[in-house]
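what's the 3D shape of this:
(2 chains)
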Amino acid sequence: NAGVTQTPKFQVLKTGQSMTLQCAQDMNHNSMYWYRQDPGMGLRLIYYSASEGTTDKGEVPNGYNVSRLNKREFSLRLESAAPSQTSVYFCASSESLKALNEKLFFGSGTQLSVL
Amino acid sequence: AQKITQTQPGMFVQEKEAVTLDCTYDTSDPSYGLFWYKQPSSGEMIFLIYQGSYDQQNATEGRYSLNFQKARKSANLVISASQLGDSAMYFCAMRGKGYQKVTFGTGTKLQVIP
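Residues are numbered from 1 along each chain as shown, chains lettered A, B, ... in the order given. I've put the predicted structure just below:
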């Protein structure tokens, strides 16, 4: 079972370059999320999509845009990368946002370095 | 606002011993859910255990149990009979009002010694 698939696994960018991180889930989940993980800071929510056709900002949305392409796919775009965006990015999904016990299913992460 | 605090950046435990990883939380929401996730060196995040704020009993999942003390706002993870494969980062997390936001702690790195 694939679960949540993220691409690429590694990426190096120069300051000012743009890129899109791709995420797809095959669990028929309604809700999808993008997190970033920085040392000593845990995971912080960048954007989320409660359901197909909706997206909302999380804690740290500045410098990012997202697209919920369809129920399966949720992409994260860096329009003009900055060194402060060097991080490990995780896509996650959950069945919905309708219950407290909805656990998150994570992709394997993308390690992004911005030089 | 929600906040999760994990005060142990790193811990060591002898193989086959039990270990407790601390987690305290702060929230004004009357209902909330608490989670623990494991992140091995390979990087993926794996769900371990869940505790609801109104659950009467502490959650258990195999060798994992959650020591939930609501009045103290703590949700410590207990791993019994540690195995080498338990070496990983462990994150405590909370979902509260609005449901969309899951707040994570900074994690505890556990190393199991043979």
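
how about the worst-scoring helix or strand of chain B on mean pLDDT, does it get close to chain A?
None of the helices or strands of chain B scores lower by mean pLDDT, DSSP states H and E than strand B:102-104, at a mean of 90. Yes: against chain A, strand B:102-104 shows contacts by CB under 8 Å from any CB of the partner chain at B:102, B:104. Yep, even glycine has a C-beta here, placed from its N, CA and C like the rest.

got any ranges where the chain has weak pLDDT?
Since no chain was named, I'll use chain A. A:1 (pLDDT under 70).

ah, no, chain B please
In chain B, residues with pLDDT under 70: B:98-99.

can you give me the strands for it?
Under the criterion DSSP state E, strands of chain B are mapped to B:3-5, B:10-14, B:19-21, B:24-26, B:33-39, B:46-52, B:60-61, B:64-69, B:74-79, B:88-95, B:102-104, B:108-113.

Same list (those) but as JSON lines, adding mean neighbour count and distance to residue A:36.
JSON lines is the format used below for the strands of chain B (neighbours: other CB atoms under 10 Å in any protein chain shown; distance: least, CB to CB, whole Å):
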{"stretch": "strand B:3-5", "mean neighbour count": "16", "distance to residue A:36": "16"}
{"stretch": "strand B:10-14", "mean neighbour count": "13", "distance to residue A:36": "22"}
{"stretch": "strand B:19-21", "mean neighbour count": "19", "distance to residue A:36": "23"}
{"stretch": "strand B:24-26", "mean neighbour count": "17", "distance to residue A:36": "21"}
{"stretch": "strand B:33-39", "mean neighbour count": "24", "distance to residue A:36": "14"}
{"stretch": "strand B:46-52", "mean neighbour count": "18", "distance to residue A:36": "19"}
{"stretch": "strand B:60-61", "mean neighbour count": "12", "distance to residue A:36": "28"}
{"stretch": "strand B:64-69", "mean neighbour count": "18", "distance to residue A:36": "27"}
{"stretch": "strand B:74-79", "mean neighbour count": "22", "distance to residue A:36": "24"}
{"stretch": "strand B:88-95", "mean neighbour count": "24", "distance to residue A:36": "14"}
{"stretch": "strand B:102-104", "mean neighbour count": "23", "distance to residue A:36": "11"}
{"stretch": "strand B:108-113", "mean neighbour count": "17", "distance to residue A:36": "19"}
